[in-house]
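Colleague: curious how this folds, go ahead:
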Amino acid sequence: MTPARDPHVPVIIIGGGQAGLSVSWYLCAAGIEHLVLERAKRFESWRHNRWDSFCLVTPNWQCRLPGWPYRGGDPDGFMLKDEIVDYLDGFADSFDPPLREGVEVTRVARLDDGYVVETRTGRFTAGQVVIATGGYDTPIEPAFARDLDPAIVQMHSRDYRRPSQLPDGGTLIVGTGQSGVQLMDDFHLAGRPVHLAVGPAPRSPRRYRGRDATDWLHEAGHYAVTIDRHPDPQKALSQTNHYMSGRDGGKEIDLRRYALEGVKLYGSVSGGAGTRLEFLPDLEKNLDDADRSYMGIRTQIDAYIAASGIDALEEPPFEKLWRPARETTEIDMAAEGITSILWAIGFRPDYSWIEAPCFDERGKPMFHRGVTEVPGLYFIGLGWLNTWGSGRFLAIDEDSRYLAARITDRARAGLAA
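Modeller: Here you go, the predicted structure:
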């Protein structure tokens, strides 16, 4: 008896988030047979991996999924978590993608002129494969975290929902990317004692000269600059996102102001054991560097306004509201009343299940606009896939349209052969 052959699908997309389903939207429009495999539910990370007060950092008008631009009444506002999920569900329902939920892919490998895709419920073969799983697989926590006093509750930002999850007393938040500063603000607004380990993340103005800073930058063409034309592509690829907030209609995050309001600031965490925690003496440098990026964006906007002859509001000159009297390099958390730590230092992607020569020595995927040198293998939804907006709602449409066109060309060429 001849063994049954594995089912073959011309194109398999792995990941049922906004990036994977955007590629699916274009493949549906082109009539290309494909399948989207999602290990949980569609848009799972938006539903279950965000805190209660989460909102967009970029304005709603930047939500431009294929055929599904933001249609609400507040284009300059910032959607809350549930509103984002509703927006995404509306997009998915608008075209009925060939999506299978609850299917976890465990292996992708080359097979003849295509691929084998193994899952926990079976296997497929495919002519082309799109990796749309994002880069937020493994939460990062430092190795010394296991040496800290077990009486101090530790949590990663992925598991955080609200301040009441953590015990009474002070909370130390480690990390000042977009998540870290927003979690700090969450505790501060709740009236909870909060400590913040300040890393080297840059910051951005929120509103400047009468408009949201992102509006100015978009109009000036900043977000249209591709990684190929960027003056410092390595910096673009490695730099943490500028921090600001969309909360309460959008606001600037100046950590110096929070220090005046009682938030205790330290430099970068460097080690610890028991109740002792160590910091680098880089608090003032990190604050100054963040301000330098803030001023750089203001200067860039000023130059665009001047060159375009725009009559815009003037802003008062920037001033530093606070500076540390000294650098704190060690604390006893028990003495400081710190009962919990919230790690907000990011994630690492996990591509160990992909067996293909498309990674560099650091394990990062290599591609041009998502197209790898391995025939028929693609990535979508990663930062700087092509522009600043890659991996964000702003440029998913453009990125997925380009990738789907390459997939369609290859599929039709294969059919023709």
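
Colleague: so Ile396 versus Arg120, what's the distance?
Modeller: In this view, Ile396 and Arg120 are 28 Å apart by Cβ to Cβ, to the nearest Å. No exception for glycine: its C-beta is placed from N, CA and C like everyone else's.

Colleague: on contacts alone, who are the packing partners of the strand ranked longest in the chain?
Modeller: In the chain, with assignment by DSSP state E, the single longest strand is strand 122-131. Under the contact definition 3 or more Cβ pairs under 8 Å, 6 or more residues apart in numbering; DSSP states H and E, strand 122-131 sits against strand 8-14, strand 105-111, strand 114-119, strand 377-379, helix 393-416.

Colleague: so which bits of that strand are buried?
Modeller: Residues of strand 122-131 classed as buried by neighbour count (16 or more other Cβ atoms under 10 Å): Phe124, Thr125, Ala126, Gly127, Gln128, Val129, Val130, Ile131.

Colleague: residues contacting it, please?
Modeller: By Cβ atoms under 8 Å, 6 or more residues apart in numbering, the residues outside strand 122-131 that reach it are 6-15, 20, 23, 35, 108, 111, 113-117, 351, 354, 365, 376-380, 403, 407, 410-411, 414.

Colleague: counting neighbours, what do you get for Asn309?
Modeller: That one is not Asn; residue 309 is Gly. Using other Cβ atoms under 10 Å, Gly309 is surrounded by 6 other residues.

Colleague: and if you look at Ala236?
Modeller: Residues lying near Ala236 (other Cβ under 10 Å) number 15.

Colleague: circling back: which one of Ile396 and Arg120 is surrounded by more residues?
Modeller: Shown here are Ile396 and Arg120; by other Cβ under 10 Å, Ile396 has more neighbours (26 against 10).

Colleague: grab the nearest non-local neighbour of the more buried one.
Modeller: Using Cβ to Cβ, 6 or more residues apart in numbering and skipping residues adjacent in sequence, the residue nearest Ile396 is Ser22, 5.0 Å away.

Colleague: isn't that neighbour up against Glu398?
Modeller: No: between Ser22 and Glu398 there is no contact under Cβ atoms under 8 Å: 9.8 Å.

Colleague: those two - which one has more neighbours?
Modeller: Each of Ser22 and Glu398 has its neighbours counted (other Cβ under 10 Å); Ser22 has more, 30 against 19.

Colleague: tell me the domain ranges of the chain?
Modeller: Here the domain parsing of the chain from automatic domain parsing is 8-137+349-416, 142-343.

Colleague: could you pull up the mean pLDDT of the shortest one?
Modeller: Which is domain 8-137+349-416. The predicted model assigns domain 8-137+349-416 a mean pLDDT of 96.

Colleague: walk me through which strands the longest strand of the chain pairs with, and which way each runs.
Modeller: The pairing partners recorded for strand 122-131 under DSSP bridges are strand 8-14 (parallel), strand 114-119 (antiparallel), strand 377-379 (parallel).

Colleague: from those strands, which stretch is densest packed?
Modeller: Highest mean neighbour count of the strands paired with strand 122-131: strand 377-379, a mean of 24 (counted as mean count of other Cβ atoms under 10 Å).

Colleague: now do the helices in the stretch 301-417 of the chain.
Modeller: For the stretch 301-417 of the chain, helices defined by DSSP state H, counting those that start in this stretch occupy the ranges 333-336, 393-416.

Colleague: between the ones you listed, which gets nearest to Val85?
Modeller: Distance to Val85, taken as Cβ to Cβ, is lowest for helix 393-416 among the helices of the stretch 301-417 of the chain, at 13.3 Å.

Colleague: can you show me the CA trace of the closest one as CSV?
Modeller: C-alpha atoms of helix 393-416 as CSV (Å, rounded to 0.1, in the frame of the first residue of the first chain):
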residue,chain,number,x,y,z
PHE,A,393,1.1,49.6,11.2
LEU,A,394,2.4,52.4,9.0
ALA,A,395,4.3,50.3,6.4
ILE,A,396,2.8,46.8,6.7
ASP,A,397,0.7,47.4,3.6
GLU,A,398,3.7,48.5,1.5
ASP,A,399,5.9,45.7,2.8
SER,A,400,3.3,43.0,2.3
ARG,A,401,2.4,44.2,-1.1
TYR,A,402,6.0,44.0,-2.2
LEU,A,403,6.5,40.6,-0.8
ALA,A,404,3.3,39.2,-2.2
ALA,A,405,4.3,40.4,-5.6
ARG,A,406,7.5,38.5,-5.4
ILE,A,407,5.7,35.4,-4.2
THR,A,408,3.1,35.7,-6.9
ASP,A,409,5.7,36.0,-9.6
ARG,A,410,7.5,32.9,-8.4
ALA,A,411,4.2,30.9,-8.0
ARG,A,412,3.1,31.8,-11.5
ALA,A,413,6.5,31.0,-13.0
GLY,A,414,6.3,27.6,-11.4
LEU,A,415,2.8,27.0,-12.7
ALA,A,416,3.9,28.1,-16.2
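
Colleague: relative to strand 8-14, how tilted is it?
Modeller: Angle, helix 393-416 to strand 8-14, by axes from the mean of the first three to the mean of the last three Cα atoms, to 10 degrees: 170 degrees.

Colleague: what residues are up against Ala109?
Modeller: Contact analysis of Ala109 by Cβ under 8 Å, 6+ apart lists Tyr115, Val116, Glu355, Ala356.

Colleague: one more time with 7 Å, if that's ok
Modeller: The neighbourhood of Ala109, defined by Cβ atoms under 7 Å, 6 or more residues apart in numbering, consists of Tyr115, Val116, Glu355.

Colleague: how much space is there between Ala109 and His34?
Modeller: Distance from Ala109 to His34, counting by Cβ to Cβ: 19 Å.

Colleague: where do the helices sit along the stretch 1-150 of the chain?
Modeller: Ranges of helices within the stretch 1-150 of the chain are 18-30, 44-48, 81-93, based on DSSP H, counting those that start in this stretch.
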